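next one to model:
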Amino acid sequence: MESVAIKAMFHELNKFSDVVSVYIHGSYADETTTSFSDIDDYIIVEEARLTNKRFKSLIIALNKIDMRFCRADPLQHHGHWITSVSELGCYDNSFLPLFVLGEAKHVLGRNGLEAKVDMASSRRGLCNNIGLTCEIIVLLFQKMRNNSINAYELKCLVGSVALMPAYVFQYLGEELSKPDAIKRAKEIYSSKSLEVIDWATQCRKNWIAVTGNTRFRFFSILPRLFCNPYVWRRTARSIAPKLTEKQLREMTDIVLIEGSVLQFVRESRVVIENGHA
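Predicted structure coming up:
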């Protein structure tokens, strides 16, 4: 998506440019989008300068944009990444690590930010992120093993596995992007665990196997009937098309087994249990 098209997605925020700053990061920023890509933004709000009436108008505008994201990718399972200027004064870097904004595209408002990272809360937050992500991986793997996983859930599973190395490296004090963390994953994971990461990488690369069939094309029309992104995501979680064994084979030649998944989870958790890999 070109920069002009990205900015057009945020046109409702033009009237808030004095109090809102917007950045796009991730694959839409570095132009490496695939069929798996969703839209990652980062929004900074100068809350002290907003009246209650204007704040309510801002929320309405943000929801409209969020719904636009859902129409672009019906499986997008997160909304905006929003923080306030006051939060930047004591920032929890586990929310969204600020170093990922190094290559971000500025869309609106002030270009540049000042922040002071709270290292203690960031470390606690990363600990929680790793623990919760491990739980999600185990739960969704069981659904996949039982042939009951749908496209929304599979995207969450694949995305969770792909993100875990970055969480682990960040917990260890290294500021690595998701792609860079995956490249260096062999430094902290065994060969059995690396197979799980390779599985996720192949799924992301061949995600067209999910989005390229008739059932998904029909599903992708449904967000047009919704105006509330939160309601849509709850709905998508329930009604997204189920994955067939054929689709899974088209995405990857790796057969994910329980032993490898549990090993990956254990090796991820050992970092927060022992403080090192």
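
please count neighbours and contacts with C-alpha atoms only from this point.
Fine.

longest helix of this structure?
In the chain, with assignment by DSSP state H, the single longest helix is helix 119-145.

list of residues touching the next helix or strand after that one?
Next helix or strand after helix 119-145 toward the C-terminus (DSSP states H and E): helix 151-171. When contacts are defined by C-alpha atoms under 8 Å, 6 or more residues apart in numbering, helix 151-171 is touched by residues 36, 75, 77, 123, 126-127, 129-130, 133, 136-137, 140-141, 144, 175-178, 181-182, 185, 196-197, 200-201, 203-204, 210, 236-237, 240-243, 268, 271-272.

taking the residues you listed one by one, which sit in helices?
The helices, defined by DSSP H, take in 123, 126-127, 129-130, 133, 136-137, 140-141, 144, 178, 181-182, 196-197, 200-201, 203-204, 210, 236-237, 268, 271-272 from the contacts of helix 151-171.

what ranges do the helices span in the stretch 1-150 of the chain?
With DSSP state H, counting those that start in this stretch as the criterion, the stretch 1-150 of the chain has helices at 3-9, 27-30, 52-72, 85-88, 119-145.

so what's residue 31 scoring on pLDDT?
Residue 31 is assigned 82 on the pLDDT scale.

what do you get for the one 10 residues further on?
In this prediction, residue 41 carries a pLDDT score of 96.

cool, residue 252 as well?
Among the per-residue scores, residue 252 holds a pLDDT of 96.

what's the closest non-adjacent residue to it?
residue 202 (5.5 Å; C-alpha to C-alpha, 6 or more residues apart in numbering).

so the one you found sits against residue 248, correct?
No - judged on C-alpha atoms under 8 Å, residue 202 makes no contact with residue 248 at a distance of 10.4 Å.

more neighbours, the two?
Each of residue 202 and residue 248 has its neighbours counted (other C-alpha atoms under 10 Å); residue 248 has more, 19 against 16.

residues touching residue 131, list them.
If a contact means C-alpha under 8 Å, 6+ apart, then residue 131 has residue 269 as its contacts.
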